[in-house]
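Undergrad: Build me a model:
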Amino acid sequence: MAPAAGNDDSQEILYGLHAVREALRAEARPLQRLLVIRMDKQFGDLVQMARARHIPIHVQPLASFDRLVPGGKHQGVIAYAAAKAYESEEAILARAAQKLEPPLLVILDGVEDPHNLGAVLRTAEGAGAHGVFIPERRAAGLTSVVAKASAGAIDYIPVARVTNTSRLLETLKEAGVWIYGVEPTAAKLITEVDLTGPVGLVFGGEGKGIRPGVLQHCDERIRIPMKGRVQSLNVSASAAVTLFEAVRQRNLPASPGQKT
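TA: Okay, the predicted model is just below:
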């Protein structure tokens with residue numbers, strides 16, 4: 001399995017029905033071979049797609065899967081794939097321009113749990129975000145665990161890895177993107193700001209939130225309305241609530257004064 005900090009190897013293991021199925025559908029990176037525990041109806045669509053793409057298929061015993069994915073929920077299917085490539089900042093902004101849409105971007109400041117990163121990628125892809133930015137150091141990278149947690153979204157959502165998050169925010173602001181830091185002590189609610197224009201949403205890491213040095217580069221701070229005694233959400237839940245508030249706003253009829 002790939003190391004938790006990221007994957008710079010030329011090959012990685014994908015495992016789990018959703019992750020492997022979406023990798024086959026997306027055709028975003030080559031798959032070298034497919035391992036299945038048996039050739040029956042449960043794996044029929046995977047086998048058909050692999051054959052159509054001339055990917056070698058091997059039936060392996062359970063022990064082989066457990067050895068390759070110790071402790072992982074492989075569901076009897078593993079694929080060897082080329083490592084997921086990171087995108088550039090410019091490519092992500094160009095993706096929004098090609099779609100004639102104002103950029104909707106996610107910036108993660110030090111998310112170290114690969115399951116959280118995978119969940120954020122799944123949400124970002126589902127919300128139609130144009131890309132996700134992650135730090136190069138002290139953060140989870142694009143590993144097989146992330147691919148499994150994203151349920152295959154990793155093969156559809158562009159991810160850029162940056163060396164300096166504060167510098168990234170300044171670059172995005174120069175490109176006309178308004179940067180919101182999502183943190184629980186902010187005065188404004190996510191429902192009180194305009195998320196219909198070019199927007200970058202910054203979310204902090206587990207337990208630590210957004211670092212002060214990064215927060216000071218945000219244009220504005222916003223928070224999720226909380227009614228219970230718990231005053232903050234897991235980063236993946238925060239991303240889901242905020243992103244789909246942006247989706248809600250963008251699906252409303254345009255009104256005068258909205259940012260473009």
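
Undergrad: isn't Val235 right next to Lys208, touching?
TA: No: contact criterion C-beta atoms under 8 Å: Val235 and Lys208 do not qualify, at 10.2 Å. C-betas here are computed from N, CA, C, even on glycine.

Undergrad: Can you spell out which helices and strands pack onto the longest helix along the chain?
TA: Of all segments of type helix in the chain, defined using DSSP state H, the longest is helix 235-250. Other helices and strands packing on helix 235-250, by 3 or more C-beta pairs under 8 Å, 6 or more residues apart in numbering; DSSP states H and E, are strand 104-109, helix 114-126, strand 199-204.

Undergrad: For that helix, buried residues please.
TA: 235-236, 238-240, 242-243, 245-246, 249-250 (16 or more other C-beta atoms under 10 Å).

Undergrad: Take that helix, keep the C-alpha atoms, and write them as CSV.
TA: Extracted in CSV, the C-alpha atoms of helix 235-250 (Å, rounded to 0.1, in the frame of the first residue of the first chain):
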residue,chain,number,x,y,z
VAL,A,235,-13.6,18.6,8.1
SER,A,236,-15.3,16.3,5.6
ALA,A,237,-18.7,17.2,7.0
SER,A,238,-17.8,20.9,7.1
ALA,A,239,-16.8,20.7,3.4
ALA,A,240,-20.0,19.0,2.5
VAL,A,241,-22.3,21.5,4.2
THR,A,242,-20.4,24.5,2.8
LEU,A,243,-20.0,23.2,-0.7
PHE,A,244,-23.7,22.3,-1.1
GLU,A,245,-24.7,25.7,0.3
ALA,A,246,-22.6,27.1,-2.7
VAL,A,247,-24.5,24.7,-5.0
ARG,A,248,-27.8,25.8,-3.6
GLN,A,249,-27.0,29.5,-4.2
ARG,A,250,-25.7,28.8,-7.7
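
Undergrad: for the stretch 101-250 of the chain, which spans come out with low pLDDT?
TA: For the stretch 101-250 of the chain, applying pLDDT under 70 flags the ranges 231.

Undergrad: at 90 instead, please
TA: For the stretch 101-250 of the chain, applying pLDDT under 90 flags the ranges 110, 136-149, 151-152, 154-155, 205-209, 226-234.

Undergrad: all strands for this protein, in order.
TA: 11-15, 31-36, 57-59, 77-82, 104-109, 131-135, 159-162, 178-182, 188-189, 199-204, 220-223 (DSSP state E).

Undergrad: The first one versus strand 31-36: what angle between them?
TA: Looking back up the chat, that one is strand 11-15. Orientation of strand 11-15 against strand 31-36 (axes from the mean of the first three to the mean of the last three C-alpha atoms, to 10 degrees) gives an angle of 30 degrees.

Undergrad: contact partners of strand 11-15?
TA: 1-2, 20, 23, 31-32, 65, 68-69, 72-75, 77-84, 143-144, 147-148 (C-beta atoms under 8 Å, 6 or more residues apart in numbering).

Undergrad: What pLDDT is listed against the closest residue in space to His58 that isn't next to it in sequence?
TA: Distance criterion C-beta to C-beta, 6 or more residues apart in numbering; nearest residue to His58, sequence neighbours excluded, is Leu35 at 5.2 Å. For Leu35, the model assigns a pLDDT of 94.

Undergrad: Equivalent analysis for the one 5 residues further on, please.
TA: On pLDDT, Asp40 comes in at 87.
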